[in-house]
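Colleague: just a sequence and a predicted model for now, questions to come.
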Amino acid sequence: MEKSLVLIKPDAVRKGLIGKVISKYEDNGLKIIALKMERISEDFASRHYEEHIGKTFYEPLIRFITSGPLCALILEGDNAIERIRNINGSTNPEVAKEGTIRRMYAENKTENCVHASDSKESAKREINLWFGN
Ligand code: CMP
(Lines give C-alpha, C1' and ligand atoms only; values in the text may rest on other atoms or scores of the structure.)
Protein backbone atom coordinates (compact mmCIF):
# COMPACT_ATOMS: atom_id res chain seq x y z
CA MET A 1 0.00 0.00 0.00
CA GLU A 2 1.28 3.44 -0.94
CA LYS A 3 0.25 6.86 0.37
CA SER A 4 0.21 10.25 -1.37
CA LEU A 5 -0.50 13.80 -0.25
CA VAL A 6 -3.12 15.50 -2.39
CA LEU A 7 -4.17 19.14 -2.33
CA ILE A 8 -7.43 20.36 -3.78
CA LYS A 9 -6.20 23.87 -4.51
CA PRO A 10 -7.99 27.20 -3.84
CA ASP A 11 -9.29 27.51 -7.44
CA ALA A 12 -11.08 24.16 -7.20
CA VAL A 13 -12.46 25.03 -3.75
CA ARG A 14 -13.75 28.41 -5.07
CA LYS A 15 -15.45 26.66 -8.00
CA GLY A 16 -17.21 24.17 -5.71
CA LEU A 17 -15.31 21.17 -7.05
CA ILE A 18 -14.22 19.42 -3.82
CA GLY A 19 -16.87 16.70 -4.15
CA LYS A 20 -16.25 16.09 -7.85
CA VAL A 21 -12.47 15.86 -7.34
CA ILE A 22 -12.74 13.51 -4.36
CA SER A 23 -15.17 11.30 -6.33
CA LYS A 24 -12.58 10.86 -9.08
CA TYR A 25 -10.16 9.38 -6.54
CA GLU A 26 -12.74 7.29 -4.67
CA ASP A 27 -14.26 5.95 -7.90
CA ASN A 28 -10.75 4.79 -8.77
CA GLY A 29 -10.54 2.76 -5.56
CA LEU A 30 -8.28 5.11 -3.62
CA LYS A 31 -9.03 5.43 0.07
CA ILE A 32 -9.08 8.71 2.02
CA ILE A 33 -7.21 8.20 5.29
CA ALA A 34 -6.94 11.89 6.36
CA LEU A 35 -8.61 15.11 5.27
CA LYS A 36 -8.60 18.74 6.39
CA MET A 37 -9.45 22.17 5.03
CA GLU A 38 -7.43 25.30 5.76
CA ARG A 39 -5.93 28.50 4.38
CA ILE A 40 -2.14 28.20 4.64
CA SER A 41 0.41 30.93 5.43
CA GLU A 42 3.17 32.05 3.05
CA ASP A 43 5.71 30.45 5.38
CA PHE A 44 3.94 27.09 5.26
CA ALA A 45 3.51 27.36 1.47
CA SER A 46 7.25 27.98 1.06
CA ARG A 47 7.96 24.79 3.03
CA HIS A 48 5.57 22.77 0.88
CA TYR A 49 7.02 24.18 -2.37
CA GLU A 50 10.67 24.44 -1.21
CA GLU A 51 11.98 22.63 -4.32
CA HIS A 52 10.55 25.42 -6.51
CA ILE A 53 12.12 28.38 -4.67
CA GLY A 54 13.80 30.65 -7.22
CA LYS A 55 11.87 29.38 -10.25
CA THR A 56 10.04 31.91 -12.43
CA PHE A 57 6.61 30.62 -11.40
CA TYR A 58 7.40 30.46 -7.66
CA GLU A 59 6.01 33.86 -6.53
CA PRO A 60 2.68 33.53 -8.42
CA LEU A 61 2.42 29.96 -7.15
CA ILE A 62 2.78 31.07 -3.51
CA ARG A 63 0.29 33.95 -4.02
CA PHE A 64 -2.19 31.53 -5.53
CA ILE A 65 -1.84 28.67 -3.04
CA THR A 66 -2.34 31.11 -0.12
CA SER A 67 -5.26 32.94 -1.80
CA GLY A 68 -8.01 30.96 -0.07
CA PRO A 69 -8.86 27.73 1.69
CA LEU A 70 -7.67 24.44 0.25
CA CYS A 71 -8.32 20.83 1.07
CA ALA A 72 -5.45 18.49 2.02
CA LEU A 73 -5.87 14.73 1.89
CA ILE A 74 -3.85 11.59 2.36
CA LEU A 75 -4.92 8.96 -0.15
CA GLU A 76 -3.90 5.33 0.07
CA GLY A 77 -3.89 2.47 -2.41
CA ASP A 78 -1.70 0.16 -4.48
CA ASN A 79 0.61 2.27 -6.64
CA ALA A 80 -1.28 5.36 -5.36
CA ILE A 81 1.33 7.95 -6.40
CA GLU A 82 1.30 7.05 -10.08
CA ARG A 83 -2.44 6.41 -10.19
CA ILE A 84 -3.23 9.80 -8.65
CA ARG A 85 -0.89 11.59 -11.04
CA ASN A 86 -2.65 9.90 -13.95
CA ILE A 87 -6.05 10.94 -12.59
CA ASN A 88 -4.80 14.53 -12.15
CA GLY A 89 -3.23 14.84 -15.63
CA SER A 90 -0.33 17.02 -16.81
CA THR A 91 0.56 20.26 -15.01
CA ASN A 92 -0.52 22.16 -18.13
CA PRO A 93 -4.28 21.61 -18.60
CA GLU A 94 -3.94 22.28 -22.34
CA VAL A 95 -1.90 19.10 -22.79
CA ALA A 96 -3.57 17.02 -20.05
CA LYS A 97 -5.41 13.93 -21.31
CA GLU A 98 -9.19 13.92 -21.75
CA GLY A 99 -11.01 12.92 -18.57
CA THR A 100 -8.25 14.04 -16.19
CA ILE A 101 -9.06 16.52 -13.43
CA ARG A 102 -6.80 19.21 -14.87
CA ARG A 103 -8.17 18.80 -18.40
CA MET A 104 -11.73 19.02 -17.10
CA TYR A 105 -11.40 21.83 -14.57
CA ALA A 106 -8.02 23.65 -14.55
CA GLU A 107 -7.46 27.18 -15.90
CA ASN A 108 -3.69 27.19 -16.46
CA LYS A 109 -0.37 25.85 -15.12
CA THR A 110 -0.70 27.77 -11.84
CA GLU A 111 -4.43 27.49 -11.22
CA ASN A 112 -4.46 23.77 -11.91
CA CYS A 113 -6.91 22.45 -9.29
CA VAL A 114 -4.81 19.74 -7.65
CA HIS A 115 -1.39 18.81 -6.34
CA ALA A 116 -0.11 15.29 -5.67
CA SER A 117 3.18 13.93 -4.39
CA ASP A 118 5.51 13.01 -7.26
CA SER A 119 7.58 10.27 -5.55
CA LYS A 120 7.66 8.10 -2.43
CA GLU A 121 10.21 10.47 -0.90
CA SER A 122 8.09 13.58 -1.53
CA ALA A 123 4.97 11.77 -0.28
CA LYS A 124 6.74 11.00 2.99
CA ARG A 125 7.99 14.58 3.36
CA GLU A 126 4.67 16.17 2.40
CA ILE A 127 2.53 13.87 4.58
CA ASN A 128 4.80 14.63 7.53
CA LEU A 129 4.63 18.39 6.80
CA TRP A 130 0.84 18.49 6.48
CA PHE A 131 -0.27 15.85 8.97
CA GLY A 132 2.75 15.08 11.17
CA ASN A 133 3.61 11.55 12.15
P1 CMP B 1 1.96 21.17 -8.24
O2 CMP B 1 1.71 19.74 -8.54
O3 CMP B 1 1.24 21.78 -7.12
O4 CMP B 1 3.53 21.35 -7.99
C5 CMP B 1 4.24 22.49 -8.36
C6 CMP B 1 3.39 23.50 -9.00
O7 CMP B 1 4.07 24.53 -9.65
C8 CMP B 1 2.57 22.84 -10.09
O9 CMP B 1 1.61 22.01 -9.54
C10 CMP B 1 2.06 24.03 -10.86
O11 CMP B 1 0.92 24.61 -10.26
C12 CMP B 1 3.24 24.98 -10.72
N13 CMP B 1 4.03 25.00 -11.95
C14 CMP B 1 4.86 24.06 -12.36
N15 CMP B 1 5.43 24.42 -13.55
C16 CMP B 1 4.91 25.62 -13.84
C17 CMP B 1 5.10 26.52 -14.91
N18 CMP B 1 5.95 26.25 -15.91
N19 CMP B 1 4.41 27.68 -14.89
C20 CMP B 1 3.57 27.96 -13.88
N21 CMP B 1 3.34 27.13 -12.83
C22 CMP B 1 4.01 25.98 -12.81
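Modeller: Nice, thanks for sending it over. Numbers count the residues shown, from 1 in each chain.

Colleague: residue 74 against residue 36, yeah?
Modeller: No - Residue 74 is not in contact with residue 36 according to Cβ atoms under 8 Å; the separation is 9.8 Å. (C-beta placed from N, C-alpha, C; glycine too.)

Colleague: what's the overlap in contacts for those two?
Modeller: 130-131 (Cβ atoms under 8 Å, 6 or more residues apart in numbering).

Colleague: so the two - more neighbours on which side?
Modeller: residue 74 (21 against 11; other Cβ atoms under 10 Å).

Colleague: and this protein, which of its residues are near the ligand?
Modeller: Residues of the chain lying close to the ligand by Cβ under 6 Å from any ligand atom are 52, 57, 61, 91, 109-110, 112, 115.

Colleague: filter those down to the buried ones, ChimeraX style.
Modeller: Only the buried entries of those go into this ChimeraX selection, using 16 or more other Cβ atoms under 10 Å:
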select :61,109,112,115
